[in-house]
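Asker: sequence plus the predicted model coming up.
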Amino acid sequence: MQPHGGPPALIASDVDGTLLDDTENITARTRDAVHAAVDSGARFVLATGRPPRWIAPVVDALGFAPMAVCANGAVLYDPATDRVVSARTLSADSLVKLAEVVGRALPGAGLAVERIGESAHDAATPQFVSSPGYEHAWLNPDNTEVSFEDLLSQPAIKLLVRKADMSSAAMAEQLQAHIGTAAELTYSTNHGLIEVVPAGITKASGIEELIAPLGIGIEQVVAFGDMPNDLPMLVRAGHGVAMGNAHPDVLAAAAEITTPNSDDGLARVLERIFRR
């Protein structure tokens, strides 16, 4: 079915596991479907857990530079001008308190933070810093190890909690009871990594911040995602679409389930909605 009987004003897409296929590329079919939707008058926005410094390859693959809701809603970033439009941060005091909670709830967990400047690659300070011995969850580690004191000394857009011998779901369950409403925690991989951002900040809040000046309501948005960090925007959007490869919680919450990211699931929905 087509959301609300007509084309959406805005398309919000997660990146990894959704817009990108399993080789971390955008297929020609998906790229063509996105371009056709934009040519038809819809706006296209990236909504990702990635920080701005990891957006350039996505923009290059798309062939244009859409606005990006980054760090699970904590940052609005304009890749066309390489400008951080807004950033919501955890204060140094909040980071210290959260680190204490993590230490009690998940002994031995590694910590890292994402900091932000005025652009994607602000050279004033390392943007991704970690505790000594932090084990990166991705294949392209770019963290700078610092002392725990230095790690927690500056505001950050995201706190990452890493425990390689646990699933992210188990970590989230264990941490949530201790963190409560002090911050938002979620995950985008089930390989022992939790992402913590300021309270009230989600991909949904980031999208709403972005569309408010445009006069677009959240009910005019179609959103695509695959992991728990996508749930808030899929539930809030006028039409939430889960990829066929999505986490069970996402499959259960979505208004529609498409084929997996490896089978152009996003393209199939856009082709139907924006059929010429």
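Answerer: Thanks, I have it.
Asker: ramachandran coordinates for Leu193?
Answerer: Torsion angles at Leu193 (phi, psi; degrees, to the nearest 10) stand at phi -140, psi 120.
Asker: same check on His247?
Answerer: Per-residue torsions, His247: phi -60, psi 150 (degrees, to the nearest 10).
Asker: which residue packs closest to it, ignoring adjacent ones?
Answerer: Met227 (5.2 Å; C-beta to C-beta, 6 or more residues apart in numbering). The way it works is simple: take the backbone N, C-alpha and C, and place the C-beta from them, glycine included.
Asker: ok, that neighbour touching Tyr187?
Answerer: Yes - Met227 lies in contact with Tyr187 (C-beta atoms under 8 Å); the separation is 6.9 Å.
Asker: can you count the residues close to Arg29?
Answerer: Residues near Arg29, counting by other C-beta atoms under 10 Å, number 15.
Asker: check which helix or strand covers it.
Answerer: helix 28-39 (DSSP states H and E).
Asker: poorly predicted segments of the stretch 51-200 of the chain, please.
Answerer: Scanning the stretch 51-200 of the chain for pLDDT under 70 picks out the ranges 123-124, 139-141.
Asker: quick one, strands of it?
Answerer: Assigned strands in the stretch 51-200 of the chain, in chain order: 68-70, 75-78, 83-87, 110-114, 128-130, 144-145, 158-162, 183-186, 193-198 (criterion: DSSP state E, counting those that start in this stretch).
Asker: deepest in the core, which of those strands is it.
Answerer: strand 68-70 (a mean of 28; mean count of other C-beta atoms under 10 Å).
Asker: what's it in contact with?
Answerer: Strand 68-70 has contacts (C-beta atoms under 8 Å, 6 or more residues apart in numbering) with 12, 45-52, 55, 75-79, 203, 206-207, 210.
Asker: next one: the closest residue to Gly200 other than its chain neighbours from Ala199, what distance?
Answerer: What sits nearest to Gly200 in space, not counting adjacent residues and going by C-beta to C-beta, 6+ apart, is Glu184, at 6.9 Å. Counting by C-beta to C-beta, to the nearest Å, the gap from Glu184 to Ala199 is 6 Å.
Asker: and for Arg272?
Answerer: Distance of Arg272 to Ala199, computed by C-beta to C-beta: 37 Å.
Asker: in the helix holding Arg29, which residues are buried?
Answerer: Within helix 28-39, the residues scored as buried using 16 or more other C-beta atoms under 10 Å are 30-34, 36-38.
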